[in-house]
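Trainee: return atomic coordinates for the entry below.
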Amino acid sequence: MIKLPKPGEYIDIHTHDARSAANAFIIENLMAHEGRSPVDIPEQACSFGIHPWFLNEKNYSQLINGVNNAAGFPNLLAIGECGFDKLRGPSIELQRKAFEEQISISEAIGKPVVIHCVRAWDELLPEVKRVRPKMPWFVHGFRGNTELAEQLLSKGMYLSFWFDFVIRPEAAHILRSLPNERIFLETDSSDIDIRDIYKKVASDLNLQVDELKSIILENFRRFFKV
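Mentor: Residues are numbered from 1 along each chain as shown. Modelled structure (predicted):
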């Protein structure tokens, strides 16, 4: 049984590296094409899914089977990252097929979803309307404007901000315009310290770091229903 985050801990909601700061709870993202699965790291909370960059016609069935096989592991907290990318990856039709299959798995096992979306919001948003998911979704690596953020929030999604975007000065006005109860923070594939991200965001929101920790812990509990 994995340990869940405790009061006072930082939460890194999405990282590709299990290394993290002291006093931090992390969710390590595993990608189906890598050949690793949650069973390989039973003490580590993780997400698992098919990243659209590494999907093709030849490996589709193998990768979907991998997600299905991983679905029952107790340390799997979410399906994904999965989604759409118009800059890199196979055809949108194949991306959509894989996405919809993973959403079906999410709904069947009662686990939320980590979304990857690059210049493909016109693909993602209709999926929310079509599926009407019971499980919540969060968009990882968000770096869009306030209008897009509000559109995603209106569909019930949460936002996890891209590490490089959120530490920029211009991110402050977007953060202040959004409800605190729908945000997460992440390091993704960077070497940045999650503590530095918290410090910057807390300052932008006129909060103490401990206050921000409490907010994101409550968001975590609500999102993952724990």
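
Trainee: looks to me like residue 84 is in a strand.
Mentor: Yes: using DSSP: H, G, I helix; E, B strand; the rest coil, the assignment for residue 84 is a strand.

Trainee: for it, which non-adjacent residue is closest in space?
Mentor: In space, and not counting its chain neighbours, residue 84 is closest to residue 120: 3.5 Å by CB to CB, 6 or more residues apart in numbering. No exception for glycine: its C-beta is placed from N, CA and C like everyone else's.

Trainee: give the contact list for that neighbour.
Mentor: Residue 120 makes contacts with 83-86, 92, 95, as judged by CB atoms under 8 Å, 6 or more residues apart in numbering.

Trainee: dump these to CSV, plus distance to residue 10.
Mentor: Output for the contacts of residue 120, formatted as CSV (distance: CB to CB, whole Å):
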residue, distance to residue 10
83, 25
84, 30
85, 28
86, 33
92, 36
95, 32
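
Trainee: what stretches of the protein score poorly on pLDDT?
Mentor: 18-21 (pLDDT under 70).

Trainee: so where's the longest helix in the chain?
Mentor: Scanning the chain for the helix with the most residues, using DSSP state H, yields helix 92-109.

Trainee: just give me how far that helix sits from the chain centre.
Mentor: Distance of helix 92-109 from the chain centroid (CA atoms, centre = their mean, to the nearest Å) equals 15 Å.

Trainee: contacting residues around it?
Mentor: Helix 92-109 has contacts (CB under 8 Å, 6+ apart) with 49-50, 52, 55-57, 60, 63-64, 67-68, 71-72, 78-80, 82-86, 89, 112-113, 120, 123, 127, 131, 133-135.

Trainee: hmm, 7 Å instead?
Mentor: Helix 92-109 is contacted from outside by 49-50, 52, 55, 57, 60, 64, 67-68, 71, 79-80, 82-84, 89, 112-113, 123, 127, 131, 133-135, using CB atoms under 7 Å, 6 or more residues apart in numbering.

Trainee: how about stretch 123-132?
Mentor: With contact meaning CB under 7 Å, 6+ apart, stretch 123-132 is reached by 83-84, 92, 96, 99, 103, 115, 117, 155.

Trainee: following the longest helix of the chain, which helix or strand comes up?
Mentor: strand 113-118 (DSSP states H and E).

Trainee: how far does stretch 15-30 sit from its chain's centre?
Mentor: 13 Å.

Trainee: all strands of the chain, in order?
Mentor: Assigned by DSSP state E, the chain shows strands spanning 10-15, 24-31, 46-49, 76-85, 113-118, 137-142, 158-161, 183-185.

Trainee: can you say which of those strands is nearest to residue 221?
Mentor: Residue 221 lies closest to strand 10-15 among the strands of the chain, at 10.4 Å (CB to CB).

Trainee: show me what the closest one is packed up against.
Mentor: Secondary-structure packing of strand 10-15 (3 or more CB pairs under 7 Å, 6 or more residues apart in numbering; DSSP states H and E): strand 24-31, helix 194-204, helix 209-224.
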